[in-house]
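*Asks:* Just need the structure, nothing else, for what follows:
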Amino acid sequence: MTGIAKTRTPIFKSALAALIVAAAAAAFWQSPARSAEDAVVIPPPAMDEKAASGSEKAIFAGGCFWGVQGVFQHVKGVTKAVSGYTGGAKDDAVYETVGSGRTGHAESVEITYDPSKVTYGQLLQVYFSVAHNPTQLNYQGPDSGTQYRSTIFAENSEQQKIAQSYIAQLDKAKVFPKPIVTTLETGKTFYPAEEYHQDFLTLNPTYPYIVYNDLPKVANLKSLFPALYSDKPVLVLAGKS
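*Replies:* Sure thing, here's the model as predicted:
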């Protein structure tokens, strides 16, 4: 993650994790600053899945997975949101390797949700409106590279059709100042990221990167989608020592 600045001593499982954060911190202060992305008020999708019982999954990539995960952990009906890598091979699903931008992977979040409480279309609305800026090609905020691309990894043909329809709808309505560059990829496997990346927004709320880039996204979720907002995040590491 380019763009992290250390403001308090974090607890990491390994010295390698600490070195990664230190290197990212240096990159943050040496890079031109870009402001946090503004939320955009957008209409709901004209096409959506039918409400059903059970559990479904959705995978979204939209820049640094810390913020994307943090947003969806506060969405009602989401039972789990895991940071990880999608788009490349299993052996390359390692933070340092993905950071090269040559693996095909994107930092992504796998969302498990109850479709009777929140639909795939509603998740897409949050994704496009507050979780990231879908008009930025291969970068988000201070982070650049194909690993930070805007991509929807459709789990099935229905998700693909809903996403395609919604992108066309939003582009036609010109709700964004530029065309949406979000790509659709299918048949890709999600690989969970290292434990120290999970719940990062909740565990590190005073990091300048989080304060500047990601906490505003959660605040926008609360403001623009009050019916979907849950004050208590669903954490991956809950109950772990």
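
*Asks:* distance of the residue sitting nearest the centre point of the chain from residue 57?
*Replies:* When CA atoms, centre = their mean is applied to the chain, the residue found nearest the centroid is residue 68 (2.5 Å). Using CB to CB, to the nearest Å, one gets 15 Å for the distance from residue 68 to residue 57. Where you see a C-beta, it was placed from the backbone N, CA and C, and this is true even at glycine.

*Asks:* again with residue 100
*Replies:* 27 Å.

*Asks:* quick one: which of these two has more around it?
*Replies:* residue 57 (16 against 12; other CB atoms under 10 Å).

*Asks:* Kindly indicate whether the more buried one is helix, strand or coil.
*Replies:* Classification of residue 57 using DSSP: H, G, I helix; E, B strand; the rest coil returns strand.

*Asks:* That one bridge partners, please.
*Replies:* residue 112 (DSSP bridges).

*Asks:* low-confidence ranges in the protein?
*Replies:* Residues of the chain that meet the criterion pLDDT under 70 lie in 1-37, 239, 241.

*Asks:* quick one: the helices in the protein?
*Replies:* Under the criterion DSSP state H, the chain contains helices at 15-30, 65-72, 95-98, 120-126, 157-173, 200-203, 208-209, 215-224.

*Asks:* now for these, which one comes closest to residue 38?
*Replies:* Closest to residue 38 of those, according to CB to CB: helix 215-224, at 8.1 Å.

*Asks:* contacts for the closest one?
*Replies:* Identification of contacts with helix 215-224 by CB atoms under 8 Å, 6 or more residues apart in numbering yields 36-37, 39, 41, 67, 70-71, 74-75, 126, 129-131, 201, 205, 228-229.
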